[in-house]
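Visitor: Build me a model from this:
(one chain, ligands or ions: 1)
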Amino acid sequence: MKKILVTGGAGFIGSHTVVELQQRGYEVFIVDNLSNSNPDVIDNIAKITDIKPVFGKVDVAVKDELFGFLKQHPGIESVIHFAASKAVGESVEQPLKYYRNNINGLINVLEAMKEFGIKNLVFSSSCTVYGQPEKLPVTENSPIQPALSPYGNTKQINEEIIHDFIAVNKGINSICLRYFNPIGAHPSGLIGELPIGVPANLIPYITQTAAGIRECLSVFGNDYNTPDGTPIRDYIDIVDLANAHIAAINRMEQGKQKSALEFFNVGTGNGLTVLQLISAFEKATGVKLNYKIVGRRAGDIEKVWANTDLANKELGWKAQVPIEETLRNAWRWQQKLAK
Ligand code: UD1
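Guide: Numbering: from 1, shown residues only. Take a look at the predicted model:
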């Protein structure tokens with residue numbers, strides 16, 4: 001059984017990826033400091049797969065903690081590195097927290113790869129590296145633009161660190177997946193997103209409003225240059241996204257990479273405006289959403305969606321879950337959380 005380390009495996013994207021890995025026969029080792037997740041997630045993963053992943057409460061940004069865990073669990077061949085802080089607004093308020101967690105975390109993971117002979121790395125990157133692209137849909141060759149937040153900057157710096165590391169460490173491979181907007185929840189209703197406090201992201205805000213936890217959804221601006229004036233994003237189902245990680249790991253394991261470091265967009269290839277997403281949610285769930293248009297949110301870009309040709313061709317991966325199903329899963333998860 002192939003052993004794989006998943007940092008941040010109790011988080012939203014991490015937990016869904018662990019499920020897919022286990023269902024394909026990987027032995028999964030999770031490290032997570034539980035700063036933005038809940039230990040119940042580990043039990044809920046086991047409810048879905050009937051396999052309890054090995055779990056260590058480890059802060060990857062603390063080298064001794066990570067190395068201590070890996071000493072106890074030899075033979076790991078690959079790592080998927082999710083563990084990071086991810087709130088754009090908070091990163092503006094607390095930049096050093098973001099640089100410490102996200103930069104130290106990656107450096108420790110890379111040092112651990114050398115020390116413990118881990119060959120393959122999948123890194124969680126973001127379409128935020130493209131800023132507002134000039135040409136849409138955006139391809140992997142589009143220019144990287146100056147980051148709009150410390151969070152976005154950490155993703156860019158992380159990609160650069162991986163680039164420099166891979167250049168001088170023969171035999172180590174990496175794939176950076178640039179996620180668009182991950183949404184939804186597992187169809188089992190057992191795992192999903194766990195926003196703490198007032199959600200910053202659109203879907204948790206929508207589902208909490210639908211559930212009556214929030215009074216009204218604020219739509220941030222309708223004066224953008226888009227068909228209905230609201231910003232366009234590429235919303236990717238969380239299980240589809242999880243499966244992109246499996247494809248990336250398989251590609252490295254099978255030696256199919258064109259170069260030791262590759263980048264892939266992970267999106268659907270379709271852009272939706274905020275209002276289109278709201279109406280898809282209402283249609284999918286039958287719940288009417290209370291919303292109002294307010295001013296723009298600082299730092300928001302107007303429109304971005306992915307060209308996914310490279311991922312489709314090279315990874316043999318394609319988004320499959322229809323948006324209505326994704327939104328129904330998100331709603332089912334919200335209703336379960338509210339109980
Ligand atoms: C951004 C980043 C993404 C990052 C994510 C983490 C870009 C393109 N994407 O996503 O890389 O991982 O933050 O948080 O920079 N909206 C509302 N009302 C709300 C919430 C959101 O109208 O209450 C709108 C936003 O204006 C935006 C869309 O919904 O147009 C999506 O917003 P959100 O879910 O926060 O994600 P991004 O900002 O696209």
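
Visitor: hey, where'd the helices end up in the stretch 201-339 of the chain?
Guide: Taking DSSP state H, counting those that start in this stretch, the helices of the stretch 201-339 of the chain run over residues 202-210, 238-253, 274-285, 309-310, 323-338.

Visitor: Over to the stretch 1-150 of the chain?
Guide: 12-23, 40-49, 63-72, 88-93, 95-99, 105-116, 150-168.

Visitor: Residue 319 is nearest to which of those helices?
Guide: Between residue 319 and the helices of the stretch 1-150 of the chain, the shortest separation by C-beta to C-beta is 13.9 Å, and it involves helix 12-23. All C-beta spots, glycine's among them, are computed from the backbone N, C-alpha and C.

Visitor: my guess is residue 249 contacts residue 80, does it?
Guide: Yes. Residue 249 is in contact with residue 80 according to C-beta atoms under 8 Å; the separation is 7.2 Å.

Visitor: neighbour count winner among those two?
Guide: residue 80 (30 against 24; other C-beta atoms under 10 Å).

Visitor: which bits of the stretch 201-339 of the chain sit near the ligand?
Guide: 201-202, 205, 217-220, 231, 233, 274, 297, 300-301, 304 (C-beta under 6 Å from any ligand atom).

Visitor: Show me which of those are buried.
Guide: 201, 202, 205, 217, 219, 220, 231, 233, 274, 301, 304 (16 or more other C-beta atoms under 10 Å).

Visitor: Redo these as JSON lines? Include pLDDT and distance to residue 127.
Guide: JSON lines is the format used below for these (pLDDT from 0 to 100; distance: C-beta to C-beta, whole Å):
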{"residue": "201", "pLDDT": "96", "distance to residue 127": "14"}
{"residue": "202", "pLDDT": "98", "distance to residue 127": "15"}
{"residue": "205", "pLDDT": "98", "distance to residue 127": "20"}
{"residue": "217", "pLDDT": "98", "distance to residue 127": "23"}
{"residue": "219", "pLDDT": "98", "distance to residue 127": "21"}
{"residue": "220", "pLDDT": "98", "distance to residue 127": "18"}
{"residue": "231", "pLDDT": "98", "distance to residue 127": "13"}
{"residue": "233", "pLDDT": "98", "distance to residue 127": "9"}
{"residue": "274", "pLDDT": "98", "distance to residue 127": "17"}
{"residue": "301", "pLDDT": "94", "distance to residue 127": "10"}
{"residue": "304", "pLDDT": "98", "distance to residue 127": "6"}
